[in-house]
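**Student:** Fold the following for me, if possible:
(one chain, ligands or ions: 1)
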Amino acid sequence: MVKEHFNSIAERYDLVNRLISLNLDRCWRRKACEEALKVLSPSEDKISVLDVACGTGDMLRCLRKKLAEKGIDAEFYGLDCSENMLEVAKKKVPFARLVHGFAEDMPFRDESFDLITVAFGVRNFSDREKAIGELYRVLKPSGVLAVLEFSRNPSFLGKTAWFYTKSVVPLIGGLVTGDEEAYAYLVRSIRRFPRPKELSKEFERAGFSTLRLRWFFPRIAFLLLLRKGR
Ligand SMILES: C[S@@+](CC[C@H](N)C(=O)[O-])C[C@H]1O[C@@H](n2cnc3c(N)ncnc32)[C@H](O)[C@@H]1O
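**Tutor:** Take a look at the predicted model:
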């Protein structure tokens, strides 16, 4: 079902993101990359980076730019279960190896990546426990995992952002893509999703340690930075 949602909105996914987030989604990804690179300690000359649920490739683009600014050489991989999202990504991130597949069963060897990012993907996984196990398996020891997600925050700003998300986002998303249900799904999935601290506990149970939890303006998106190992 999730895969079909994203297949149906792929062509207009980027446009809707810019509109509904008032361009903030770019800012969130940029900050997430910057924070992740601060805690990354590359073990080799060239590092391996994987973006899980890469969608149309925005996070990969951002990662490449930020790593280049730091003079770090890297090879890039993207994984997604939606063929149509990957079709869009192919044009935007020709430097990355894009792989069709599911986070719950990744076609990569154990301990392959120094850095893994997942932007607005974890909420969509059908079996989160299994996917977290896979993220652990394919990350190198002491590797960094950056999870960017939506959640509700009890602050005034957070409540305002949540009100906007549930009342305006499905309307705009529906108008632009013709698939209002896909954006109603977005609201439902945020409602059902664990709060950031509960989520970090899920990762800790799988063997990660939490490095940082940070909310981004206007407190509807957060970043969870984790390291493989205790
Ligand atoms: C909200 S989009 C985020 C895309 C991109 N990361 C971004 O920042 O714009 C969620 C993506 O997760 C993908 N996805 C959902 N469940 C997945 C799974 N179990 N395995 C791999 N990809 C998945 C969808 O196809 C979709 O492209």
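**Student:** low-scoring stretches of the protein, by residue?
**Tutor:** For the chain, not a single residue meets the criterion pLDDT under 70.
**Student:** Find the closest residue to the ligand in it.
**Tutor:** G55 (2.5 Å; C-beta to the nearest ligand atom). To be clear about C-beta, it is placed using only N, CA and C from the backbone, and glycine gets the same treatment.
**Student:** and the longest strand anywhere in the chain, which residues are buried?
**Tutor:** Longest strand in the chain, counting residues (DSSP state E): strand 139-150. By neighbour count, and taking 16 or more other C-beta atoms under 10 Å as the criterion, the buried residues in strand 139-150 are 139-140, 143-150.
**Student:** So of those, which two are at opposite extremes in space?
**Tutor:** K140 and F150 (28.1 Å; C-beta to C-beta).
**Student:** Got phi/psi on D127?
**Tutor:** phi -130, psi 90 (degrees, to the nearest 10).
**Student:** what about it, how many residues close to it?
**Tutor:** 13 (other C-beta atoms under 10 Å).
**Student:** quick one: contacts for it?
**Tutor:** Going by C-beta atoms under 8 Å, 6 or more residues apart in numbering, D127 touches E104.
**Student:** need the strands for this protein, in chain order.
**Tutor:** Secondary structure of the chain by DSSP E: the strands cover 46-52, 73-80, 97-100, 113-119, 139-150, 208-216, 221-228.
**Student:** so L40 touches D114, yeah?
**Tutor:** Yes. Counting by C-beta atoms under 8 Å, D114 is a contact partner of L40 at 6.8 Å.
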